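>>> show me the folded form of this:
(one chain, ligands or ions: 2)
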Amino acid sequence: MTLNIGVIGCGMIGRDHTRRIQQVLSGAQVVALSDVNRANAETVRRDLAPDATLFDTGEALIAAPEVHAVLVTSWGATHEPYVLAAIAAGKPVFCEKPLATTSEGARRIVEAEVAHGSRLVQVGFMRRYDAGYIALKAAVQQHTGAPIMVHAAHRNPAVPEAYVTPMAIHDTLIHEIDVFRWLLDDDYVSARVLYPRKASRSHSQLRDPQVVVLETQKGVLIDVEVFVNCAYGYDIQCEVVGEEGTARLPEPMAIDLRLGALRQNAILTDWKDRFVASYDVELNDFIAAASKGGATGPSAWDGYAAAVTSDACVQAQESDGQAVAIVLPVRPALYN
Ligand SMILES: NC(=O)c1ccc[n+]([C@@H]2O[C@H](COP(=O)([O-])OP(=O)(O)OC[C@H]3O[C@@H](n4cnc5c(N)ncnc54)[C@H](O)[C@@H]3O)[C@@H](O)[C@H]2O)c1
Ligand SMILES: O[C@H]1[C@H](O)[C@@H](O)[C@H](O)[C@@H](O)[C@H]1O
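Ligands and ions are numbered 1, 2, ... in the order given. Model prediction:
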């Protein structure tokens with residue numbers, strides 16, 4: 001059976017996910033589109049899904065009987081009501097990060113899914129599907145000995161003026177927050193934020209770069225440099241230091257060019273290219289599980305844990321380098 005998917009939010013990533021469902025993956029088709037800016041939905045229909053129906057609201061799309069499963073790819077602040085409506089309709093839902101922009105919102109989603117009694121939600125934490133991170137996790141489990149420290153960097157070449165200081169956490173660092181919980185099989189107990197001098201390309205409402213220090217329950221110290229105006233490329237770095245050795249995230253494949261007395265490797269500039277394969281695999285997983293009426297992969301609980309951590313980091317941004325505690329309630333049995 002082909003899974004009929006409705007996409008809410010037809011901007012950059014809604015368009016890209018529609019492309020992969022229509023042109024790359026099998027087992028699903030996009031039958032419905034919705035966007036507050038109708039022109040965006042029309043463009044995606046014209047270019048990628050000519051048979052899809054356009055809905056005036058996301059709620060109407062979710063209620064449509066021909067829609068079996070939902071993709072929420074609208075702006076972060078609008079995710080919560082759509083995910084709750086999909087759960088109420090009993091339909092599997094893939095929600096781009098963040099699951100919700102507040103931990104209270106993410107908590108409401110967890111409670112609704114627990115009340116439903118089985119998993120329906122997958123959160124778009126695609127790094128868990130990245131071949132490099134999967135290899136890194138295997139190396140940590142098999143070779144480095146127990147992890148002690150993680151050094152990481154999340155660098156974007158540039159961000160628009162609308163990107164303000166807290167977005168470094170809930171838009172950008174959120175990927176590290178999730179992937180390190182998964183990589184280390186651990187949870188966080190505190191967060192600190194330190195600032196070097198502001199980089200000259202930083203906008204007036206953005207303090208860039210920043211260094212976030214997370215401490216885990218097992219005592220691992222993680223430092224992440226978030227630098228979203230680094231200019232030179234899209235660069236994701238990670239090194240795990242263990243009892244016996246260290247393991248480093250592999251670089252994306254790049255031709256080794258020797259030319260004019262220089263040895264060079266190109267650096268990517270766009271997240272779409274850096275994680276293209278991971279997005280394919282995560283959506284493939286969603287299609288497989290949603291075809292059976294459920295969900296797999298990063299859960300609403302993972303989205304909630306990330307939101308709680310994210311809230312603490314945003315508080316830490318205003319705390320003069322002081323540690324802010326991170327406390328998670330007991331994990332419901334549905335997510336064990
Ligand atoms: N996993 C990743 O690596 C990744 C990458 C990019 C974006 N994202 C996430 O995906 C989401 C969308 O990001 P984007 O870059 O595509 O943004 P975008 O601005 O390009 O697109 C968002 C679209 O949502 C529409 N929209 C806004 N509010 C809506 C509502 N209430 N109902 C329906 N449509 C609405 C907008 O009109 C726009 O077309 C964000 O939450 C972002 O964090 C994730
Ligand atoms: O929405 C994007 C996306 O999530 C990228 O992976 C991240 O590097 C950017 O900082 C963020 O703005």
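
>>> every contact and neighbour count from this point should use C-alpha atoms.
OK.

>>> what residues does the protein put near ligand 2?
Applying the criterion C-alpha under 6 Å from any ligand atom, the portion of the chain that neighbours ligand 2 consists of 156, 171-172, 271.

>>> among these, which one lies nearest to Val72?
Asp171 (15.6 Å; C-alpha to C-alpha).

>>> my guess is that closest one contacts Ala100. True?
No. Under the criterion of C-alpha atoms under 8 Å, Asp171 is not in contact with Ala100, lying 11.2 Å apart.

>>> okay, those two: which has more neighbours?
Set side by side, Asp171 and Ala100 give different neighbour counts by other C-alpha atoms under 10 Å, the larger being at Ala100 (28 against 15).

>>> spit out the contact partners of that one.
By C-alpha atoms under 8 Å, 6 or more residues apart in numbering, the contact list for Ala100 reads 76-80, 106, 303, 307.

>>> tell me where the stretch 1-150 of the chain has strands.
In the stretch 1-150 of the chain, strands defined by DSSP state E, counting those that start in this stretch lie at 3-8, 28-34, 53-55, 69-72, 93-95, 121-123, 147-155, listed in chain order.

>>> picking that back up, and the contacts of Ala100, which is closest to ligand 2?
Gly76 (9.6 Å; C-alpha to the nearest ligand atom).

>>> follow-up on the earlier one: mind putting the contacts of Ala100 into a markdown table with distance to Glu225?
Rendered in a markdown table, the data for the contacts of Ala100 read as follows (distance: C-alpha to C-alpha, whole Å):
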| residue | distance to Glu225 |
| --- | --- |
| Gly76 | 23 |
| Ala77 | 25 |
| Thr78 | 28 |
| His79 | 27 |
| Glu80 | 29 |
| Ala106 | 26 |
| Gly303 | 22 |
| Ala307 | 19 |
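
>>> tell me where the stretch 201-336 of the chain has helices.
Taking DSSP state H, counting those that start in this stretch as the criterion, the stretch 201-336 of the chain contains helices spanning 271-274, 276-290, 300-317.

>>> pLDDT score assigned to the residue lying closest to Lys91 once chain neighbours are set aside?
Spatially, and ignoring its direct neighbours in sequence, Lys91 is nearest to Ala69 (5.4 Å; C-alpha to C-alpha, 6 or more residues apart in numbering). Ala69 carries a pLDDT score of 98 in this model.

>>> okay, Ala69 and His170: tell me how far apart.
26 Å (C-alpha to C-alpha, to the nearest Å).

>>> which one's more surrounded, these two?
Here Ala69 and His170 are set side by side on neighbour count (other C-alpha under 10 Å), and the busier one is Ala69, at 27 against 24.

>>> my guess is the more buried one contacts Leu3, does it?
Yes. Shown here, Ala69 and Leu3 form a contact pair, counting by C-alpha under 8 Å, at 7.3 Å.

>>> which neighbours do the two share?
If you check Ala69 and Leu3 against C-alpha under 8 Å, 6+ apart, the residues they both contact are Ala290.

>>> show the end-to-end separation of stretch 45-53, please.
Taking C-alpha to C-alpha, the first and last residues of stretch 45-53 lie 8 Å apart.

>>> who's in contact with the nearest residue to Gln22 once chain neighbours are set aside?
Take Gln22 and drop its neighbours on the chain: the residue closest to it by C-alpha to C-alpha, 6+ apart is Gln29, 5.9 Å away. With contact taken as C-alpha under 8 Å, 6+ apart, Gln29 is in contact with 2-5, 21-22.

>>> which of the residues you listed are buried, as a PyMOL select command?
Selection of buried members from those for PyMOL, criterion 16 or more other C-alpha atoms under 10 Å:
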select buried, resi 3+4+5+21+22
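
>>> Ser204: which of the contacts of Gln29 is nearest?
Checking those against Ser204 with C-alpha to C-alpha, the nearest one is Ile21 at 39.1 Å.

>>> assess the claim that that closest one and Val30 are in contact.
Yes. The pair Ile21 / Val30 is scored as a contact, 6.9 Å apart, by C-alpha under 8 Å.

>>> still on that earlier bit, residues contacting the residue nearest to Lys91?
Counting by C-alpha under 8 Å, 6+ apart, Ala69 makes contact with 3-6, 91-93, 290.
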